[in-house]
Structure formats: structure tokens, C-alpha cells
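In: Need coordinates for the below:
(2 chains)
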Amino acid sequence: AQTVTQSQPEMSVQEAETVTLSCTYDTSENNYYLFWYKQPPSRQMILVIRQEAYKQQNATENRFSVNFQKAAKSFSLKISDSQLGDTAMYFCAFMKPRRYNNNDMRFGAGTRLTVKP
Amino acid sequence: NAGVTQTPKFRVLKTGQSMTLLCAQDMNHEYMYWYRQDPGMGLRLIHYSVGEGTTAKGEVPDGYNVSRLKKQNFLLGLESAAPSQTSVYFCASSYPPGLAGVGEQFFGPGTRLTVL
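Out: You can find the predicted model right below:
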């Protein structure tokens, strides 16, 4: 079974600074998908960024980027120029390869990020 | 385009009561999912469906039943609610991987359920 571990229950960062959230996972699969979701106080789950395991290039979405280390099974999220609106719970998620035909996704326990003014 | 909607947003039940949570999506997604979110545990998959008329068990299916009679709707039922089912429930939907993107899931706003 796939497991996803987020070792930082809580983090804080000053506005405009950079912060990195850690995620590791365990799988025997070779091709899979990884995601970071954001959950602000409104409770809505919002997709931040996605990474396909067969792509070596790290994904980037504006101020959000990932450091994907496939051999180490590590998938960290870097938030640059942190903004107050980035305050939220962040969940790392692993999704099985296409051949399973179910998009089965497993989530980590989350990291609560607070951006301080 | 409402995306994924859930009804109701809040509910309080007594132990032993039954209820149904409704999820609707207007994105023509094939796949739909029900998760529960508990403090410190992230989201856990209860049941999912890969198409109209199909359902399958996820990670924590006990005490729940589901139905997918129409493509756009996915119902989650609790036949005899227990305090351990107090949680926030999320519905999600997605395309199969490859059809549009990698099959990332789109979530509803959640339902907070309390069982006394």
C-alpha cells in the first residue's frame, strides 16, 4: 500500500520569505502522480501543483515549485514570496498509475502553514 | 459552472439515525469519490465510482454505502450513524487519467457531520 508522510505538522514563515514543505512517500510503482493541495480556512481543497513521475523536470506554477527526487521518494513544495493568502493546510497526495483506472489518491496528514505579516 | 457541490453543508445526527449525503458535479467527470477528513489524518477514501452504475470500496468503507445512478450524482449513505463517523466529508470528481490532464481530482466544499 502507498503511504504519504508529511513530517512537519506546523510551519510558519514571514511574509515575502520562502518556505519549503516536506513530503515523502512509499511505493513500488514506477509511474505515478504527485500533487500538492491547499486547504484554506474556508475548507475548500484547491490544487496547487502536480508532478508526473516519469517527467524529470520539476513542476512550477508561479510562486509554487516542487523538488521531486524520485530515487529518494521525496516531493517537497517551495513557496516563494509568501503571501498572507498562502496561510492554509497543505496536503501532499500520491495517485496510482493509469493502469489501475481508478485515480486512487492517498493523502498525507497535512502541514499547517501560517504566513506572518 | 458550479463544479462539485455537496448537500447538506452541516448536519447533526443522533446515534442510530440514518442519512444520505448528496454530491453533484457538472463537469461531466467519469470518476467520483467520497472522502472523510479527521484531525491529524488527512483525507481517507471511503468509496469511489469509475462510472455510472459502478462503485468500489476505498480505504475506510465500513459503515457506509454509496450509489451512482446518474453520472453527475454520487450518494453517500450512513444506515446507522455512530459517533466514530463524526467527521468532515468531501466529495471529489475527475476525468480518467489521460483524457484531460493526469486525472487530478476536483473537490466539493465539504459536509461537517456530527453524530451525538
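In: Which stretches in chain A count as strands?
Out: Ranges of strands within chain A are A:3-5, A:10-14, A:19-21, A:24-26, A:33-39, A:46-52, A:60-61, A:64-69, A:74-79, A:88-95, A:105-107, A:111-116, based on DSSP state E.
In: Pipe those strands into CSV and attach distance to chain B per row.
Out: Any C-beta I mention is one placed from the backbone N, CA and C, and that applies to glycine too. What follows is these, written out as CSV (distance: least, Cβ to the nearest Cβ, whole Å):
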stretch, distance to chain B
strand A:3-5, 8
strand A:10-14, 11
strand A:19-21, 14
strand A:24-26, 12
strand A:33-39, 5
strand A:46-52, 6
strand A:60-61, 12
strand A:64-69, 14
strand A:74-79, 14
strand A:88-95, 6
strand A:105-107, 4
strand A:111-116, 10
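In: Tell me where the model's unsure across chain B.
Out: B:98-102 (pLDDT under 70).
In: Run through the residues of it sitting next to chain A.
Out: B:31, B:33, B:40-45, B:48, B:50, B:56, B:58-59, B:88, B:90, B:92, B:94, B:96-98, B:101-107, B:109-110 (Cβ under 8 Å from any Cβ of the partner chain).
In: of the residues you listed, buried ones?
Out: B:31, B:33, B:42-45, B:48, B:50, B:58, B:88, B:90, B:92, B:94, B:96-97, B:102-107, B:110 (16 or more other Cβ atoms under 10 Å in any protein chain shown).
In: which ones among those are found in strands?
Out: Using DSSP E, these in strands are B:Tyr31, B:Tyr33, B:Leu43, B:Arg44, B:Leu45, B:Tyr48, B:Val88, B:Phe90, B:Ala92, B:Ser94, B:Phe106, B:Phe107.
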